[in-house]
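A.B. asks: Sequence plus the predicted model coming up.
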Amino acid sequence: MFIAATFAIFVAMFLAIIRGITGPTLYDRILAVNMFGTKTVLLISLLGFVMGRPEFLDIAIVYALINFISVIGVLRYSDTNKLKHMPSDEKSLDKEL
Amino acid sequence: MKDLFAVVMLLGIYSLLSASFFVAMDAVDVAFTEAAVGAGISTLLMLVVITITGRSEKTTRHKPLLALLVVVFTGSMLIYGTFDMPYFGIADAPIHSHVAPRYIQESMKEVGIPNIVTSVLASYRAFDTFGEVVVIFTAGIGVMALLSVGRRPEENEKTTAIDDSMHEQYLVIRIVTKMLIPFILLYALYVQFHGDFGPGGGFQAGVIFAAAIILYTMLFGLTTARKVINQSFIQFIAAAGVLLYGCVGIVSMLNGANFFDYNALASDPVAGQHLGILLIEWGVGCTVASVMIMIFFNFAERREMQQNNEKINNIEGDSL
Amino acid sequence: MDMILNISGALCLLVGSFLCISGGVGLLRFPDFYTRMHAVGVTDTLGAGMILIGLMFYSPDFLIFSKLVIILLLTLLIGPTTSHVLAKAAMQNNLKPKLQQEDNIKETSSSNY
């Protein structure tokens, strides 16, 4: 049962990576990283149970916190002028829409 | 990929992924460090740097074919080298036959700490760890020497007004952060003291502690954070951590043993080891936390100064 | 008693796994950022919650149970907050949602960023 859930999370992580690489806008990438982080938290807690060493849960807590902090950091620093007005982003958006 | 922001995002993903590898290979302490340092702090620092320097990579004129060739060659040689490596987890690999058996069999008797990684890091290899701490301290000094802005001029009204308007939009997240920060700090202390029994230790605890302060700085502004923790206080703590670490070694020398031989710290060798490891973990934690905060403050200060200058220029240009 | 715990834990894990995969598919397949964020935001919180609750049924002692509760509380607090902030930041930087009308699409594509 744990292994099935682990596999499901692997699939979700893989999909998130694809979105993170292709993602047309900055926010798609942030979203993919955020989802990847929460999935990693779940993966580590599941791996602890699969391998019979549930002390891995400490790491899962660190992950949840670090993921939150880094997403906040990304958003905080994404709304400066240097990061807006990217010509290449506009182009890819046009293509997508 | 020329977009550096995307590169940082993917690096964050890679860091999370590699930490999962470490978990799967049972290297819990390494995974802990990777999670805290690789995914957390370094992503944040790189982001701040990008906001200072600009988002897109500089375009190169020539195609770096030679570099590609060198990379492919080195990579293939490394892969060729891995064929000679012993299989993962094999019992008679060279690494398991040298000092590892002694650590595994004797460390409980000699050091008396359940987590072997901590006893190797803090007791058997205390001198190496001291080197690492000094390296971190030196990095902090270097960043400070290169980037520190010096005494800020008095806050003029324009910049403070800009600060206030910038922070009004973060209402929800500020409340959630206020709820979370005490928990993060408490968790950092738990990691600090629990390092003897499970994954954790001074390095990770310091980074988590610094991450909490950085989170506060990002949402409440640098000036507010400076009121809580001022520059000279952090510098003092960073130096005090290294000093504490070194002093443990000196005291053990004064008691007639080798440098970092904790057995001499107390009448009972195991109690001495406990005391020594506790003290040096404190030193490591203090130094790492304060150096990380110091580096972030310096970067953020540079950035804020640059931004305020731009904004003031814009306002003055508009009014003219 | 063990039987009931096992079955309910397995059920929770199953539901959680399904939600995780569906969130991933939604992230990949939906047309624009806001719909993708909807898919991820809803399934991430619920899926993570279900998987963690499922693990709680299997936890051998109280320490592990309480650590799982801490992780669950953190995800419940953090997940919606990040979604909110992400949407707000995207909105403030003029990322318009993709709408049905043809002329609207042309308008948004020129005004994005």
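C.D. replies: Cool, the structure landed.

A.B. asks: Show me which residues of chain B sit near chain C.
C.D. replies: Proximity of chain B to chain C, by C-beta under 8 Å from any C-beta of the partner chain, involves residues B:Gln169, B:Tyr170, B:Val172, B:Ile173, B:Val176, B:Met179, B:Leu180. From N, CA and C alone the C-beta is placed, and that goes for glycine too.

A.B. asks: From what I see, the second one and B:Met218 are in contact.
C.D. replies: Looking back up the chat, that one is B:Tyr170. No - in this structure B:Tyr170 lies outside contact range of B:Met218 using C-beta atoms under 8 Å: 9.1 Å.

A.B. asks: Which of these two has more residues huddled nearby?
C.D. replies: Each of B:Tyr170 and B:Met218 has its neighbours counted (other C-beta atoms under 10 Å in any protein chain shown); B:Met218 has more, 24 against 20.

A.B. asks: Show me the common contact partners of B:Tyr170 and B:Met218, please.
C.D. replies: By C-beta atoms under 8 Å, 6 or more residues apart in numbering or on different chains, B:Tyr170 and B:Met218 have no common neighbours.

A.B. asks: Show me which residues of chain C are close to chain B?
C.D. replies: Checking chain C against chain B by C-beta under 8 Å from any C-beta, the hits are C:Leu77, C:Ile78, C:Thr81, C:His84, C:Val85, C:Lys88, C:Gln92.

A.B. asks: Neighbour-wise, which one of these leads?
C.D. replies: C:Ile78 (26 neighbours).

A.B. asks: mind checking pLDDT for that one?
C.D. replies: On pLDDT, C:Ile78 comes in at 88.

A.B. asks: Ok, B:Glu154 next?
C.D. replies: B:Glu154 is assigned a predicted lDDT (pLDDT) of 52.

A.B. asks: and if you look at the one 4 residues further on?
C.D. replies: Confidence at B:Lys158, expressed as pLDDT, is 54.

A.B. asks: The one 5 residues further on now?
C.D. replies: Taken from the predicted model, the pLDDT recorded for B:Asp163 is 54.

A.B. asks: What of A:Leu83?
C.D. replies: 46.

A.B. asks: Only the C-alpha atoms, please, for stretch B:25-43, written as CSV.
C.D. replies: What follows is stretch B:25-43, C-alpha atoms only, in CSV (Å, rounded to 0.1, in the frame of the first residue of the first chain):
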residue,chain,number,x,y,z
MET,B,25,20.1,5.8,0.6
ASP,B,26,19.7,6.1,4.4
ALA,B,27,22.0,9.2,4.7
VAL,B,28,19.5,11.0,6.9
ASP,B,29,21.9,13.7,8.2
VAL,B,30,23.1,14.6,4.7
ALA,B,31,19.5,14.8,3.5
PHE,B,32,18.8,17.1,6.4
THR,B,33,21.6,19.4,5.5
GLU,B,34,20.7,19.4,1.8
ALA,B,35,17.1,20.3,2.6
ALA,B,36,18.1,23.2,4.8
VAL,B,37,21.1,24.5,3.0
GLY,B,38,20.6,23.5,-0.7
ALA,B,39,16.9,24.0,-1.0
GLY,B,40,16.4,26.8,1.5
ILE,B,41,19.2,29.2,2.0
SER,B,42,21.1,29.0,-1.3
THR,B,43,17.9,29.4,-3.3
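
A.B. asks: List the buried residues in it.
C.D. replies: Residues B:27-43 are the ones in stretch B:25-43 that count as buried (16 or more other C-beta atoms under 10 Å in any protein chain shown).
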